[in-house]
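Novice: have a look; sequence and predicted model below, questions after that.
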Amino acid sequence: MSESARQQCINPDCRQAYPVTEVHVACARCQGLLDVRYDWSRLPAPKSLNFFEHRWSTKGISAEGRLDFSGVWRFRELMPFYRTEDDIVTIGEGRTVLQQADLLGRELGMRPGRLLLQYEGLNPSGSFKDNGMAAAFTHARMVAAQRVACASTGNTSASLAMFASLARMQGIVFIGSGKIALGKLSQALDYGALTLQIQGDFDACLRRIRQIAEDRPELGIYLMNSVNPFRLEGQKSIMYRVLEALDWQSPDWVIVPGGNLGNCSAFGKAFEELKELGLVRKIPRLAVINATGANTLHELYANQKVRWSDGRYDQAKIDALYADMDRRGYHPHTVASAIEISRPVNLPKALRALAIMNGLTRQVSDEEILEMRALVARFGFGCEPASAASVAGLKLLIDQKVIGPEEQVVCILTGHELKDPNVTVKYHTGVDLKAAADTAPRSEPAGRLVNRPVPVPDDLGAIIAALGA
Ligand code: F0G
């Protein structure tokens, strides 16, 4: 299949293409972001989305049955970059649910049946990242990668660590010191990833890991962040499952939190392709919700009116904003640590998704995020703070009369409630467990499988030394 797929630069003035059997962190010619693109006329693309329904009865534990069991790979004809099905990595990801949330909807002023929550926290590692990792690990296996790495606000590292251990590759994660929720840190350690705690925030971690993956090929590090275009191929499946739950009819709105902007980018690409293939008639509108303390996309899109403009977006405005952040010594800050990001790498693709899905952006405060997180949980199974930004964004859009009570809305709940129990306990009791943990007396861990995080300064040489190269 892979001859009909290629990696391609999204810059309309470049469009350089690369075989899918190569590894690129960015376009080698212009440093632009890469997409995976398909020659659909040479591929057995389905004629209708009903095609996928037969897989509900063929799922199982045989090799093919496992692909049909996966909520990502049961849609494999829509992401056909792999050579053969033997390449495919799956751990049972993407078996998530779309739930009608009438009680929550009523609190927000919506009519019954109109609010739906897509629970991506039900993935094996507890977040939507597993959708993307299934695809990126498939590509890593195609190119025989041995060491895979990411920078992360927590969930990417948990997902990478889980897949790496199951796919027998070395997992390496860069996290900002003190920046990630405890549930996520505990996963990376438990699944055996080499965990570097860099003195800096997510943006610093990502800068370093990109430098290492791009400029130090001798270290053989395969990059798993969402600049990896294969990640986004897997994340398209979140939209396929939403459609599947709605009998293949598009909702009116999809609302998603925005951090590094991979997820919203994948949603835009999913609908662009479905439309091109004639598999959907209507494309839903997209709302991407930032936290006010990490609002780069909202600032550029809503305030400075930066638009995709067929790929010729206003880079000067973006550069000016980043230069201003540097001048002010600005660092993002939000209780929703998963989206505490000020330089989202997928910004151009997010602008493209907003164009494809007639989208908009909003920002919501930490207080609104905390209240909405608690409200989601009050009516049953909850979510982590970043996920609740989508519901807080919906409330704002209803208050602003942008979304009406009759419209059908899907909020993506990106991560499991248990990822960040500290925020929940603090909300209900006022006790900050994280602060308490910092001052508590320590004992030497003595278990046979102890995997301690390694503290490292934000310095290339020190990081390379810590990688054991
Ligand atoms: N929600 C959760 C729970 C997340 O973990 C993330 C991103 C997002 C939303 C934002 O998604 O980056 O695609 O816009 N977490 C990344 C990580 C950055 O490292 O785990 P995005």
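Specialist: Sure, I can see it. Numbering: from 1, shown residues only.
Novice: and stretch 423-438, anywhere near the ligand?
Specialist: No. Contact of stretch 423-438 with the ligand is not found when judged by Cβ under 6 Å from any ligand atom; the minimum separation is 12.0 Å. Where you see a C-beta, it was placed from the backbone N, CA and C, and this is true even at glycine.
Novice: show me the contact partners of that stretch.
Specialist: Contacts to stretch 423-438, defined as Cβ atoms under 8 Å, 6 or more residues apart in numbering, come from residues 181-182, 335, 370, 373-374, 377, 382, 384-385, 417, 421-422.
Novice: near the ligand, list only the ones from those residues.
Specialist: residue 384.
Novice: make TSV from the contacts of stretch 423-438 and add distance to residue 311 and secondary structure to it.
Specialist: Shown next, in TSV, are these (distance: Cβ to Cβ, whole Å; DSSP: H, G, I helix; E, B strand; the rest coil):
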residue	distance to residue 311	secondary structure
181	36	coil
182	41	helix
335	35	coil
370	38	helix
373	36	helix
374	41	helix
377	41	helix
382	39	coil
384	34	coil
385	34	helix
417	39	helix
421	43	helix
422	42	helix
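Novice: greatest separation within the contacts of stretch 423-438: which pair is it?
Specialist: Farthest apart among those by Cβ to Cβ are 182 and 374. That separation is 18.9 Å.
Novice: show me the shaky parts of this protein.
Specialist: 1-2, 469 (pLDDT under 70).
Novice: sketch out the strands for the chain, chain order is fine.
Specialist: Counting by DSSP state E, one finds strands in the chain at the ranges 5-9, 17-19, 34-38, 97-100, 115-119, 147-152, 170-176, 194-198, 221-223, 253-257, 285-291, 360-364, 409-413, 454-456.
Novice: of all the ones you listed, which lies closest to the ligand?
Specialist: Counting by Cβ to the nearest ligand atom, the ligand lies closest to strand 147-152 out of these; the figure is 3.4 Å.
Novice: show me what the closest one is packed up against.
Specialist: Strand 147-152 makes packing contacts with helix 155-167, strand 170-176, helix 202-215, strand 221-223 when contacts are defined by 3 or more Cβ pairs under 8 Å, 6 or more residues apart in numbering; DSSP states H and E.
Novice: hmm, 10 Å instead?
Specialist: Where contact means 3 or more Cβ pairs under 10 Å, 6 or more residues apart in numbering; DSSP states H and E, strand 147-152 is packed against helix 129-142, helix 155-167, strand 170-176, helix 182-190, strand 194-198, helix 202-215, strand 221-223.
Novice: in the third one, what counts as buried?
Specialist: Of all the residues in strand 170-176, those buried under the rule 16 or more other Cβ atoms under 10 Å are 170, 171, 172, 173, 174, 175, 176.
Novice: please apply the same query to the second one.
Specialist: Applying a neighbour-count criterion of 16+ other Cβ under 10 Å, one finds 155, 156, 157, 158, 159, 160, 161, 162, 163, 164, 165, 167 buried in helix 155-167.
Novice: dump it to CSV, keeping only the CA atoms.
Specialist: Output in CSV follows, covering the C-alpha atoms of helix 155-167 (Å, rounded to 0.1, in the frame of the first residue of the first chain):
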residue,chain,number,x,y,z
ASN,A,155,-0.1,12.1,28.3
THR,A,156,2.1,11.6,25.3
SER,A,157,4.8,10.3,27.6
ALA,A,158,2.5,7.8,29.3
SER,A,159,1.2,6.6,25.9
LEU,A,160,4.7,6.4,24.3
ALA,A,161,6.0,4.5,27.4
MET,A,162,3.2,2.0,27.2
PHE,A,163,3.5,1.4,23.4
ALA,A,164,7.3,1.3,23.6
SER,A,165,7.3,-1.4,26.2
LEU,A,166,4.7,-3.5,24.2
ALA,A,167,6.5,-2.9,20.9
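Novice: and that helix, how far out from the chain middle?
Specialist: What separates the centre of helix 155-167 from the centre of its chain is 14 Å, taken as Cα atoms, centre = their mean, to the nearest Å.
Novice: list the helices and strands that helix packs on?
Specialist: helix 129-142, strand 147-152, strand 170-176, helix 182-190, strand 194-198.
Novice: how many degrees apart are it and helix 202-215 in direction?
Specialist: Relative orientation of helix 155-167 with respect to helix 202-215: 40 degrees, computed using axes from the mean of the first three to the mean of the last three Cα atoms, to 10 degrees.
Novice: how about CSV for the helices and strands packed on helix 155-167, with distance to residue 351 added?
Specialist: CSV is the format used below for the helices and strands packed on helix 155-167 (distance: least, Cβ to Cβ, whole Å):
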stretch, distance to residue 351
helix 129-142, 20
strand 147-152, 22
strand 170-176, 26
helix 182-190, 28
strand 194-198, 29
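Novice: which among these is found nearest to residue 312?
Specialist: Comparing the helices and strands packed on helix 155-167 by Cβ to Cβ, helix 129-142 comes nearest, at 27.7 Å.
Novice: got the angle for that closest one vs strand 5-9?
Specialist: 110 degrees.
Novice: residues from the chain in reach of the ligand?
Specialist: Proximity of the chain to the ligand is confined to 127, 129, 152-156, 226, 257-263, 338-339, 384, 386-387, 414-415 under the rule Cβ under 6 Å from any ligand atom.
Novice: still on that earlier bit, need the strands of the chain in JSON lines with distance to residue 83, can you?
Specialist: Output for the strands of the chain, formatted as JSON lines (distance: least, Cβ to Cβ, whole Å):
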{"stretch": "strand 5-9", "distance to residue 83": "10"}
{"stretch": "strand 17-19", "distance to residue 83": "11"}
{"stretch": "strand 34-38", "distance to residue 83": "14"}
{"stretch": "strand 97-100", "distance to residue 83": "32"}
{"stretch": "strand 115-119", "distance to residue 83": "31"}
{"stretch": "strand 147-152", "distance to residue 83": "19"}
{"stretch": "strand 170-176", "distance to residue 83": "23"}
{"stretch": "strand 194-198", "distance to residue 83": "29"}
{"stretch": "strand 221-223", "distance to residue 83": "17"}
{"stretch": "strand 253-257", "distance to residue 83": "31"}
{"stretch": "strand 285-291", "distance to residue 83": "33"}
{"stretch": "strand 360-364", "distance to residue 83": "38"}
{"stretch": "strand 409-413", "distance to residue 83": "31"}
{"stretch": "strand 454-456", "distance to residue 83": "36"}
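Novice: of these, which is nearest residue 212?
Specialist: strand 221-223 (5.6 Å).
Novice: now do the closest one: which elements does it pack against?
Specialist: Packing partners of strand 221-223 (3+ Cβ pairs under 10 Å, 6+ apart): helix 129-142, strand 147-152, strand 170-176, helix 202-215.
Novice: tell me which of these sits nearest to residue 349.
Specialist: Closest of the helices and strands packed on strand 221-223 to residue 349 is helix 129-142, at 13.3 Å (criterion: Cβ to Cβ).
Novice: so what's the gap between that closest one and the chain middle?
Specialist: What separates the centre of helix 129-142 from the centre of its chain is 13 Å, taken as Cα atoms, centre = their mean.
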